[in-house]
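>>> quick one: sequence and predicted model below, then my questions.
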Amino acid sequence: MKARTLVVACGVYLVLVCFWATFLFAATKAELILYNGKIITVDSQDHIYQAVAVKNGKILQLGTDAEIKLLVGPRCKMIDLKGKTVTPGLIDSHYHLMYYGAQFWPGYLNIRHPVVTSKADLLRVLGDYARQLQPGEWISGNQGFTLKAYETVDRWDLDPVIPNNPAYLRHSSGQFSVVNSLALSVAGITKDTPNPPGSLIMCNAEGEPTGILSHYPAENLVAVHATGYGDRKDEQKFEDIEVAQQLCFAAGYTSVQDVIVGSVKDIMLYKQFAESGRLKVRLYAMLYIDYPQEADTLAKVYAPIDTGRFKFGGWKLAMDGGIAARTTLLYNKNLYASQISYPYHSQDELNRMVKTLYNTGLQVAVHVLGDEGIDMTITAFEEAMRANPRPDPRLRIEHGLFPSTAALDRLKNSNIIISTQPQWITWYGDGYREATDDATMNQLLPFKTMLDKGIHLAFGCDVPASLYQEPKFAFKGAVLRRTASNIPITQGERLTSREALWVHTMGSAYASFSEDSTGSLEIGKYADMVVWSHDLYTMTGAETNDLAAEMTIVNGEIVFDAGKLPITSYSDLWLVTADMNHIRQDHTATLLQDGKVLITGWESNKAELFDLISGTFAETGSTNRYHRQGETATLLNDGRVLLAGGDFAQKVAEIYDPNTNTFNLTDSLSSVHSYHSATLLSNGKVLIAGGQDQNGPQTHAIAEIYDPQTGKFTLTGSLNEHRSGHTATLLPNGKVLITGGIQTTTPGSGIYLKSCEIYDPSTGTFSLARSLNQARVGHAATRLVNDNVLISGGAYYSNKGELYDYLTDSWSYSGSMNVSRRSYHTASLLPDGRVLIAGGRIDAVTATAEIFDPATATFTLTDSMTTPRQNHRATPLSTGDVLVTGGYNGTNTVNSTEIYVMETTTGVRLKNPLISHRSTFGTFLLSQNYPNPFNPVTHFNFYVPSQARIRIAIYNMKGQLTRTILDEERLPGSYVATWDGTSNNGGMATTGMYLARMEAGDQITIRKILYLK
């Protein structure tokens, strides 16, 4: 015959009992929280929040500090923003990642700004460097040098300075290079060498090459021979990527778009780097195409690539060069900026290349600055879209400095993106004014007009073609529109800070088809964020100069930290829950029969209830008198709570009724009691013993009994010694052990006691018991499962614990605690018989916690609380966990709370897999019936609102699986599962506590049950 399943509840035998709390768990615990700040979301409503929570690399929730604090999960990192501003991670729409990282290779001669800013600087640096080299060694400069207005440099300037070393020197713009005669010779370039397509080998009037090579094909004739260019190894390029991505993070970029990857091999290196797990920045890459034949070939063989962090997005062409190179394709050829300009492709050739690449289904982008080049590019785009319409191709123009008014309408009508660099207005605006005219400058990057027309804008810094990568320059250019010499540039085209941030986030995300996953801080989007030194919405122009990223987060991972913000790593065992409505210490926290916790005392007469299911506190009436501190709260057998004494309450006692959520006065105490003890006796009455009055205060020995049946107090025998701050523990024989405390001798002074007493309810008298080995006050007493009493801590005493054996009336030392808990900690008996010791005061308030194991009489450190606390309260919950509330943190009285999730002696934690997330309301329900005791099985009724895989299993209190009773897909409906008491190994489960756990999708419901057979 199968074992009968019985449950004992209030003397009635039932099959199953619910221990007050049903948990509906969802995967809603945060791994990272940023709080106490200004979270600018850049969502469609531009919401701003105090805090943000992250889980699994995505935004879990946004809200107030109090709301987000509820989501603290195991090992959660908490970042106190201290009022700082957080925005979505900036997305750079034009960033040459691999190539920028290479600029910091020590093998290059550094000729970047500010090392070289003129022709004289360049020649001096070259001469100094050449003297350190052997003849024939290459001088390879990084990108690159800048010159003063109208300055030029050619091979005849270089040769006298570096006659014995070939040199390859790129201009900062990346649109031309300068080489000396020896480099031309190595490359075999003579006056008879033809210009490669789309580029120029510049020559003088006699047809001799000047050493100036315009655009990539011509530059590459020499670059393939130069050290660090043509011979760059794969591993070096991996290092370049790593260097560059760290620079990205330091600047505040979480996504970048490399729009000029020079070869298929480099695309594959990016892919390899990403698949190795080393790529942290989000990278969208476009392959550069030089020739029509290259477009034809690659369009036929390309394959999509998307590793998650790396995506091959399309193709890049170029139509003109740059202003410093004098190759900007403007209609006005009389300007310095366009002196030697030429279209890199004819209109027909451009049309054909764009159409070929467009037809691959990928994005096409074209580098072009001048108005003539912009018009040609728009024409090619329009032709491709007309010939093969497809939804949302998002064709791009890179830079697009000088669009005509007519071009703006065409850009809007064709939904063409302008990906550009507002920082160039600040850096190069003075040079643009010298190289163009007023009419051309009036066309320069009309941001406001573009946005008003609905043209999509994206911002990128274009390093290494730009001087610096820091975003502050982008905001200065877009918002201030002033040159380095403070000359205003078309002020009507200024953007607001909000608009500039939107373009640099959502605008740039749109440019790479990623606006649904990045660009704003919204639930479900990637947790890519930056903490800034200044508020991007309110900073002044002067403050913009100091704008810097203080922390950068990609996919929820901190990838850059300037060390300005404190980070707290929260415990795996301590989960922060809601704040109480009031700050409290020396308060009461009483577990009610329905699983809620009643909180009273300290700040006011307002009481509140902690709801285990919602994880929140709600006010529940007021006490009739202000008890402040030193009061006691005792759960009576009928479910009511006796609240007695305390500071300011005089002799008042009152009863809390959970059915009405009200406090009602009961009979008054015969004397004032504060910091007394209150013990529920075996007969249901309550012993009130000792304490102090409010005159001095003075301790006393008065004891009295409260009878819930009559609602009256009666005096009983007095203590043998005056005492307060002592402990009182009900022993198995029904007697009460009183230990330690303080006894006042004169007002304001007192002695600590080691004396102990035993109260016998049958005689109503106290008798002296064996004294503690050490005098103690502010200590804790815990009756263990073996019926011994553990005494822990106490003021001025070290880490020695003591154990009382009531059968022999003797004390013995236990093992030592790992830290000295001098006073006012908590000790909580866990379901497995161990004791949780938490907080208290050592030399300062501590958050340290440890576990006492009665089997070995030893203490072992466990994870610390999230907050230092003394005079807090710890309440064992019906789940076996422990709720810790309030206390003093060393500076202030607090209203914060947290829950200790029990770790078993086997190392299996109940929250893993049983209690892994905070309870939240859900729609999958598990209920239980109460059949008669002769029924051989227990029934679990459950409801499934939508099709899901349902798993119902029974676990013991160590978190070990006992029996899986259901694991299958179920359609919507109501069902019944049964358990007959057998385990997975075929044996019968032993009598004890168990947990029934239903898992449905990401929701978990748990019922605690008592199994008897």
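Looks like it arrived, so ask away.
>>> need the contact list for the residue nearest to G89 when sequence neighbours are not counted.
For G89, ignoring the flanking residues on the chain, the nearest one in space by Cβ to Cβ, 6 or more residues apart in numbering is T254 at 2.7 Å. Glycine gets a C-beta too; all of them are placed from N, C-alpha and C. The contact partners of T254, by Cβ atoms under 8 Å, 6 or more residues apart in numbering, come to 88-91, 248, 281-282, 518, 528-530, 552-554.
>>> reformat those as TSV; add pLDDT and neighbour count.
Shown next, in TSV, are the contacts of T254 (pLDDT from 0 to 100; neighbours: other Cβ atoms under 10 Å):
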residue	pLDDT	neighbour count
P88	99	30
G89	99	30
L90	99	27
I91	99	31
C248	97	32
V281	98	26
R282	99	27
T518	99	23
D528	99	32
M529	99	25
V530	99	25
T552	98	27
I553	98	26
V554	98	26
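>>> among these, which lie within helices?
Among those, the residues falling in helices (DSSP state H) are C248.
>>> redo the contacts of T254 as TSV? Include distance to D409.
Shown next, in TSV, are the contacts of T254 (distance: Cβ to Cβ, whole Å):
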residue	distance to D409
P88	31
G89	33
L90	30
I91	27
C248	35
V281	36
R282	33
T518	30
D528	34
M529	37
V530	35
T552	39
I553	40
V554	38
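>>> so what's the gap between the helix or strand F942 falls within and the chain middle?
Assigned by DSSP states H and E, F942 belongs to strand 938-944. Chain-centre distance of strand 938-944: 37 Å, with Cα atoms, centre = their mean, to the nearest Å.
>>> helices and strands around that strand, which ones?
With contacts taken as 3 or more Cβ pairs under 8 Å, 6 or more residues apart in numbering; DSSP states H and E, strand 938-944 sits against strand 925-928, strand 948-956, strand 973-979, strand 992-1000.
>>> let's see 6 Å
Helices and strands touching strand 938-944, as assessed by 3 or more Cβ pairs under 6 Å, 6 or more residues apart in numbering; DSSP states H and E, comprise strand 925-928, strand 973-979.
>>> which of these has the lowest average pLDDT?
Lowest mean pLDDT within the helices and strands packed on strand 938-944: strand 925-928, a mean of 55.
>>> so what does V264 have for phi and psi?
Here is the backbone geometry of V264 (degrees, to the nearest 10): phi -60, psi -40.
>>> and the gap between it and E242?
21 Å (Cβ to Cβ, to the nearest Å).
>>> okay, strands next: where are they in the stretch 501-650 of the chain?
For the stretch 501-650 of the chain, the strands defined by DSSP state E, counting those that start in this stretch occupy 529-532, 549-554, 557-561, 567-569, 574-577, 588-591, 597-600, 606-611, 616-622, 632-635, 641-644.
>>> cool, and the stretch 251-400 of the chain?
253-261, 282-288, 310-318, 363-368, 396-399.
>>> helices or strands next to the helix or strand that the shortest one is followed by in the packing?
Moving toward the C-terminus from strand 396-399, the next helix or strand (DSSP H and E) is helix 405-413. Here helix 405-413 is seen to pack against helix 371-387 when contacts are counted using 3+ Cβ pairs under 6 Å, 6+ apart.
>>> what are the contacting residues of the helix it packs on?
The contact list for helix 371-387, computed with Cβ atoms under 6 Å, 6 or more residues apart in numbering, reads 319-320, 329-331, 347, 350-351, 354-355, 358, 366, 368, 395, 397, 400, 402-404, 407, 410, 414.
>>> which of the contacts of T254 sits closest to T727?
I553 (47.8 Å; Cβ to Cβ).
>>> contacting residues for the closest one?
M529.
>>> any idea how far G621 is from it?
44 Å.
>>> over to R232?
On the measure of Cβ to Cβ, R232 and G621 end up 76 Å apart.
>>> partner strands of the strand holding F942, with direction?
According to DSSP bridges, strand 938-944 forms sheet pairs with strand 925-928 (antiparallel), strand 973-979 (antiparallel).
>>> list the buried residues in it.
938-940, 942, 944 (16 or more other Cβ atoms under 10 Å).
>>> mind putting the residues you listed in JSON lines, distance to V116 and pLDDT included?
Below are the buried residues of strand 938-944 laid out as JSON lines (distance: Cβ to Cβ, whole Å; pLDDT from 0 to 100):
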{"residue": "T938", "distance to V116": "83", "pLDDT": "76"}
{"residue": "H939", "distance to V116": "83", "pLDDT": "73"}
{"residue": "F940", "distance to V116": "78", "pLDDT": "75"}
{"residue": "F942", "distance to V116": "74", "pLDDT": "73"}
{"residue": "V944", "distance to V116": "71", "pLDDT": "75"}
